[in-house]
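[1] Let me see the structure of the following:
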Amino acid sequence: MTKSVVIDASLAFRLVVPGTQQAHFRALVAQWDESGYALCAPALWLYEITSALCKTIHFGELTPEEGQHALSLSQRLGVQLFAPDEAQAHLAVAWTLRLKRAAAYDSFYLALAETLRAELWTADKRLHATADRPWVRWAGPS
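    Residues are numbered from 1 along each chain as shown. This is a model prediction of the structure:
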């Protein structure tokens with residue numbers, strides 16, 4: 001049975017966009033790869049990473065070419081995307097209510113990790129703090 005790790009778009013963004021922490025995130029993914037973990041995410045991961053890159057281009061933080069390159073890098077990560085089914089949607093609603101949020105985006109990551117019995121790694125401090133589960137892991141540098 002393949003071991004899985006769920007990564008969110010905040011982690012992937014920091015992995016593919018040049019920045020001071022990029023090496024840290026690359027080392028983390030290399031460690032998972034060496035240990036035989038499959039990278040997984042809900043299907044909305046692709047929408048979120050694309051949207052974040054477009055926003056970065058819009059505000060002049062990346063050129064269109066750099067944004068396209070980062071998007072290509074994100075696709076080369078080989079993240080297995082899972083389309084939500086009814087069970088995942090119900091879990092996402094439960095997580096959204098538990099987190100006292102109005103939107104369910106982060107909840108789909110939590111629901112998938114829970115279903116796969118996998119860790120969820122995030123670079124979103126708010127999600128890490130509010131989820132309050134040992135399998136929701138902080139991906140940023142210590």
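
[2] Kindly list the main-chain dihedrals of the residue nearest in space to the middle of the chain?
    Nearest to the mean C-alpha position of the chain, by Cα atoms, centre = their mean, lies Asp8 at 0.9 Å. Note on Asp8: backbone dihedrals following degrees, to the nearest 10 are phi -100, psi 170.

[3] Would you enumerate the residues in contact with it?
    Shown in contact with Asp8 (Cβ atoms under 8 Å, 6 or more residues apart in numbering): 41, 45, 48, 106, 109, 120-124, 127. (Glycine included, C-beta is placed from N, CA and C.)

[4] Next, the buried residues of the top helix by length along the chain.
    Assignment by DSSP state H gives helix 44-58 as the longest helix of the chain. Buried positions in helix 44-58, judged by neighbour count with 16 or more other Cβ atoms under 10 Å: 44-46, 48-49, 52-53, 56-57.

[5] Would you mind measuring from Asp8 to Thr63?
    Asp8 sits at a distance of 25 Å from Thr63 (criterion: Cβ to Cβ, to the nearest Å).

[6] ok, residues contacting the helix or strand hosting Leu120?
    In the assignment (DSSP states H and E), Leu120 maps to strand 119-122. Strand 119-122 has contacts (Cβ under 8 Å, 6+ apart) with 5-8, 10-11, 28, 109-110, 112-113, 128, 131, 135-139.

[7] If any of those residues are buried, give me the PyMOL selection for them.
    This is the PyMOL syntax for the buried subset of these, where burial follows 16+ other Cβ under 10 Å:
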select buried, resi 5+6+7+8+10+11+28+109+110+112+113+128+131+136+137+139
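
[8] so Tyr109 makes contact with Ala41?
    Yes - here Tyr109 reaches Ala41: they are 7.0 Å apart, a contact under Cβ atoms under 8 Å.

[9] Can you show me the CA trace of stretch 122-133 as PDB?
    Extracted in PDB, the C-alpha atoms of stretch 122-133 (Å, rounded to 0.1, in the frame of the first residue of the first chain):
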ATOM      1  CA  THR A 122       0.400  23.200   5.100                       C
ATOM      2  CA  ALA A 123       2.200  26.500   4.900                       C
ATOM      3  CA  ASP A 124      -1.000  28.200   6.100                       C
ATOM      4  CA  LYS A 125      -0.500  29.100   9.800                       C
ATOM      5  CA  ARG A 126      -4.200  29.800  10.400                       C
ATOM      6  CA  LEU A 127      -5.200  26.400   9.100                       C
ATOM      7  CA  HIS A 128      -2.500  24.600  11.100                       C
ATOM      8  CA  ALA A 129      -3.600  26.400  14.300                       C
ATOM      9  CA  THR A 130      -7.300  26.000  13.900                       C
ATOM     10  CA  ALA A 131      -7.400  22.400  12.700                       C
ATOM     11  CA  ASP A 132      -5.700  21.400  16.000                       C
ATOM     12  CA  ARG A 133      -5.000  17.800  15.000                       C
END
